[in-house]
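Asks: I need the structure of the sequence given here:
(one chain, ligands or ions: 1)
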Amino acid sequence: MVQAPGKLAQAPAVPHLVTELPGPKARAHLEFDKQWTSPSVPRAYPVVPVRGEGCTIEDIDGNLLLDFNAGIAVTSTGHCHPDVVAAIQEQAGKLIHYSADFYIPIYAEMCAELARIAPMKEKCRVFLSNSGTEAVEGAIKLARFTTKRPYLVAFLGAFHGRTYGSVSLTASKAKYHAGFSPLLPGIFHAPFGHVEDLKWFDEVLFKHLVPANEVAAIIVEPIQGEGGYLVPEDGFMQGLRRICDEHGILLISDEVQAGAGRTGKMWSIQNWDVEPDIVATAKGIASGMPLSAFIARDSLMTQWGPGAHGTTYGGNPLACAAALETIKQLEGGLMANATARGAELMVGLKAVQARFPAIIKDVRGIGLMIGVEFDTHEHAAAAEWACFQRGLLVLEAGMTVVRIAPPLVLTAEEAAVGIRIFGEAMADVAAK
Ligand SMILES: Cc1ncc(COP(=O)(O)O)c(C=O)c1O
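Replies: Numbering: from 1, shown residues only. Okay, here's the model as predicted:
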């Protein structure tokens, strides 16, 4: 079928499967891919997307798939939102790159916009980069630089990225560290999620390991992502803030996965009314263009000078154009939609859990960040595959969780279709 660029094949409803999955062209592509790409890339399952629109992905064989992954919580405004595409196209016709070592207007505009929506009352400043891991690296550097303290605390189950600093903070799976030591020194991992766990700071860390006044920062994903879509108990985030205030420790909120409107608030930490000192953002903030940032209190960011931190590509004009439009869309209704559709998905998925209590142990989350916890890793993997076979894209997280993170443009009809397919897939998994 001849199509306009970016336009999907017309079909009555999504999913719409025209081949088995993976289809013949997908299988041929997997063979090609296998010869040239780094085997370190953690491929989830053999979907080969070539176009996207809203919550639909068209694969290389012309199958239309319902996307509850959003490219791993990235395409917040849906695939190829027309206003985001137009903003990128307009900017591409004007200036594609010059580097933040000079004064690009849209760069400062982007920083001002992120400072405006920052979850802190104090005026903020912003550093723009390209990926989640870079934002985390920058946040670590700023925390050490401003506090003049060496130590950092992250959490068991955390995922912060794959460059040396961020992978040293990561503690979701041992494989991320295997073969890469020595890692960044001076990092401790605390238990995550229960108010009771906070005792670890006084009873273990500050008592036996290091003095509190040598800890630069505590970095936390307010909702753990890769670790299994874990929502902390109420009081946990507030408790962390109290520990930080008591000892002059900075609180860094890694909002790379949970931020950008996904939980119905711009930043997931706002679900607990807690103010961080530094925020790291990426993924959903630019609808799929590579943009990340760390946002910090003015009193911190003004402490370092020229050359302390920089980047050639960070704050690329096309990525900024996409992000400015994305924020407009998030504030213009998509955050509210995340709350509404998230509530529908939660009800529907809990009903599926009630039908299959032997294999589904928990359904949890906020907004469009929902984790379905299985009894075993095998069942979680089988659920992911069974959904894929029916044209619904979901993704494992942690050891036993399937994450549901669709674009924030999800409609009520798409939510209902997704729940129905998920239920059918679970019948398949339970029967095996
Ligand atoms: C919470 C969190 N922080 C950081 C990262 C790293 O982001 P990137 O893969 O863009 O480097 C991720 C990626 O999944 C993430 O989920």
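Asks: Write out the residues of the protein neighbouring the ligand.
Replies: 131-133, 136, 159-161, 221, 225-226, 254, 256-257, 282 (Cβ under 6 Å from any ligand atom). Where you see a C-beta, it was placed from the backbone N, CA and C, and this is true even at glycine.
Asks: Need the max-distance pair from those residues.
Replies: In the residues of the chain next to the ligand, two members sit farther apart than any others by Cβ to Cβ. They are Ser131 and Glu221, at 15.9 Å.
Asks: Which one's more surrounded, these two?
Replies: Between Ser131 and Glu221, Glu221 has the larger neighbour count (other Cβ atoms under 10 Å), namely 28 against 19.
Asks: my guess is that one contacts Gln257, does it?
Replies: Yes - if you go by Cβ atoms under 8 Å, Glu221 and Gln257 touch, sitting 6.9 Å apart.
Asks: can you list residues touching both of the two?
Replies: Common contacts of Glu221 and Gln257 (Cβ atoms under 8 Å, 6 or more residues apart in numbering): Phe159.
Asks: Could you check how far the residue most central in space within the chain is from Trp272?
Replies: The centroid of the chain falls nearest to Gln257 when counting by Cα atoms, centre = their mean (1.8 Å). To Trp272, Gln257 is 17 Å away according to Cβ to Cβ, to the nearest Å.
Asks: Could you list the buried residues of stretch 191-198?
Replies: 192-193, 197-198 (16 or more other Cβ atoms under 10 Å).
Asks: err, stretch 397-405, not the other one
Replies: 397-398, 400-405.
Asks: Of these, which is the nearest to Phe294?
Replies: Closest to Phe294, out of all of these and judged by Cβ to Cβ, is Ala405, at 22.3 Å.
Asks: so what's the residue nearest to that closest one when sequence neighbours are not counted up against?
Replies: Take Ala405 and drop its neighbours on the chain: the residue closest to it by Cβ to Cβ, 6 or more residues apart in numbering is Ala73, 4.4 Å away. Applying Cβ under 8 Å, 6+ apart to Ala73 gives the contacts 225, 257, 262, 283-284, 369, 405.
Asks: among the residues you listed, who's most crowded?
Replies: Neighbour max across the contacts of Ala73 (other Cβ under 10 Å) = Arg262, 33 neighbours.
Asks: Would you mind listing the residues in contact with that one?
Replies: 73, 76, 268, 284, 338, 367-369, 405, 408.
Asks: and of these, the nearest to the ligand?
Replies: Ala73 (7.2 Å; Cβ to the nearest ligand atom).
Asks: From Ile243, how far off is that closest one?
Replies: On the measure of Cβ to Cβ, Ala73 and Ile243 end up 28 Å apart.
Asks: thinking Gly367 is in contact with Thr339, fair?
Replies: Yes - the pair Gly367 / Thr339 is scored as a contact, 5.5 Å apart, by Cβ under 8 Å.
Asks: What mean pLDDT does stretch 380-388 get?
Replies: On average, the pLDDT along stretch 380-388 is 98.
Asks: make that stretch 287-297, sorry
Replies: 98.
Asks: How far does that stretch sit from its chain's centre?
Replies: Computed by Cα atoms, centre = their mean, to the nearest Å, the separation of stretch 287-297 from the middle of its chain amounts to 12 Å.
Asks: and what of stretch 78-97?
Replies: Distance, centroid of stretch 78-97 to centroid of chain: 22 Å (Cα atoms, centre = their mean).
Asks: That one spans what distance, first to last residue?
Replies: Its first and final residues considered, stretch 78-97 spans 25 Å by Cα to Cα, to the nearest Å.
Asks: likewise stretch 286-296?
Replies: OK, stretch 286-296 end separation, Cα to Cα: 19 Å.
Asks: Now do that stretch: distance to the chain's middle.
Replies: 11 Å.
Asks: With stretch 329-342 instead?
Replies: Centre to centre, stretch against its chain (Cα atoms, centre = their mean), the figure for stretch 329-342 is 17 Å.
Asks: need the contact list for the residue of the stretch 1-150 of the chain found nearest the ligand.
Replies: Relative to the ligand, the nearest point of the stretch 1-150 of the chain is Gly132 (2.2 Å; Cβ to the nearest ligand atom). Gly132 makes contact with 160-161, 166, 254, 256-257, 280, 282-283, 292 under the criterion Cβ under 8 Å, 6+ apart.
Asks: one more time with 7 Å, if that's ok
Replies: By Cβ atoms under 7 Å, 6 or more residues apart in numbering, the residues touching Gly132 are 161, 256, 280, 282-283, 292.
Asks: Give me the distance between Pro276 and the ligand.
Replies: Applying Cβ to the nearest ligand atom, to the nearest Å, the value for Pro276 to the ligand is 14 Å.
Asks: any idea what the spatially closest residue to that residue that is not a sequence neighbour is structurally, helix, strand or coil?
Replies: Excluding its sequence neighbours, the residue lying closest to Pro276 (Cβ to Cβ, 6+ apart) is Ser253, at 3.8 Å. When classified by DSSP: H, G, I helix; E, B strand; the rest coil, Ser253 comes out as strand.
Asks: now swap in Asp61 and tell me
Replies: coil.
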